[in-house]
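1. okay, sequence plus prediction incoming.
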Amino acid sequence: MTKTAFFTMDVESFSDISCLKDNPRPEYDAFRIEQSIGDYLDLLGRYNIKATFFVLCSSLKHAKEYLLRAVREGHEIALHGLTHEIPAEMNREELYYTISEGKALLEKELGTKVIGYRAPCFAISDETLEVIRELGFKYDSSYLDIKMRYYRSAASFDGFENVCGGILTRDGFYEIPPCKAKTVMGEMSLSGGGYVRIAPFFFVGGHIKRFLNKSSYYMFYCHPSDMFTDKPPKLPGVSSFNKFFIKTGRKRFLSRTESIIKTLIKKGFSFSTLRDFAERSRLQ
């Protein structure tokens, strides 16, 4: 495998931030952050990078114009779910309905084929994998095996073969997971989100560089909420830790993302959507 980097975004609203689920409030739904998708597209465009956007259908009413722009500019649309409900907590009938309806809705509203899936909270299970394969998906990008409260990966991937560095395949279907590494702080994701936004950049950037020295692929992920620069709404009832997580580092996120892009280019990585990678690999 040539050195390949994937840039992704989970398109969800402010109210979908996992640590706010325990304290839902109407004002969270009214806080619009979709302009961040346009800022991300602007950055990607400067480097001619095509990304994969994992979309919650519940975000379509506000994000549709930005997602149509993404389609026009050659980016991939994939499914994140009908809503941000945890698929591992659904029975098979509910799984089948929500995933099939979500796929059909995105294809209708955005006029593009959907072949990829990422579970909310990375909560992939063996049953969810079975359902998405039955529905014609060609890859999943959910397996983040880090033991934290909001990460709930539980799939065993029995019968899957390791292609390289954690990318798995079985019968033409691919699991392309976010990256992780062991650090002095324990196992952590190197793929973006709060890790890139909050951690001192000399720390996370150094680990990314060391990871790239021995890996042939890298995946970046983010959310519109990671990069909005407006003042967030008040967060009554939210713990001090979660307030810190929600509010910290958003103004510097795009510049850190650009630094990671420059590092990838310097180390000889090319860029691909997950769809293009999966389709190329199936033909080889």
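-> Yep, it's here.

2. which residues of the stretch 101-250 of the chain fall in strands?
-> Secondary structure of the stretch 101-250 of the chain (DSSP state E, counting those that start in this stretch): strands located at 116-117, 139-140, 161-164, 167-170, 173-175, 180-183, 186-189, 217-220.

3. helices or strands up against the last one?
-> Contact here means 3 or more CB pairs under 8 Å, 6 or more residues apart in numbering; DSSP states H and E; on that basis strand 217-220 packs against strand 4-11, helix 201-214, helix 253-266. (C-beta placed from N, C-alpha, C; glycine too.)

4. direction included, what does that strand pair against?
-> Applying DSSP bridges, strand 217-220 is found paired with strand 4-11 (parallel).

5. what's next to stretch 192-207, contact-wise?
-> Applying CB atoms under 8 Å, 6 or more residues apart in numbering, the external contacts of stretch 192-207 come out as 178, 181, 183, 188-190, 220-223, 226, 244-245, 248-250, 252-253, 256-257, 259-260, 263.

6. tabulate the CA atom coordinates of it in PDB.
-> The C-alpha trace of stretch 192-207 is given here as PDB (Å, rounded to 0.1, in the frame of the first residue of the first chain):
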ATOM      1  CA  GLY A 192      -8.100  14.500  15.200                       C
ATOM      2  CA  GLY A 193     -11.100  15.600  17.100                       C
ATOM      3  CA  GLY A 194     -10.500  16.600  20.700                       C
ATOM      4  CA  TYR A 195      -7.100  15.100  20.700                       C
ATOM      5  CA  VAL A 196      -5.700  17.500  18.100                       C
ATOM      6  CA  ARG A 197      -7.800  20.400  19.400                       C
ATOM      7  CA  ILE A 198      -7.000  20.200  23.100                       C
ATOM      8  CA  ALA A 199      -3.600  18.500  23.700                       C
ATOM      9  CA  PRO A 200      -0.400  20.500  23.400                       C
ATOM     10  CA  PHE A 201       0.500  20.400  19.800                       C
ATOM     11  CA  PHE A 202       4.200  19.600  20.400                       C
ATOM     12  CA  PHE A 203       2.900  16.500  22.100                       C
ATOM     13  CA  VAL A 204       0.300  15.300  19.700                       C
ATOM     14  CA  GLY A 205       2.200  16.500  16.600                       C
ATOM     15  CA  GLY A 206       5.300  14.700  17.800                       C
ATOM     16  CA  HIS A 207       3.400  11.400  18.200                       C
END
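
7. out of the contacts of stretch 192-207, which end up buried?
-> Among those, those classed as buried by 16 or more other CB atoms under 10 Å are 178, 181, 183, 188-190, 220-223, 226, 245, 249-250, 252-253, 256-257, 260, 263.
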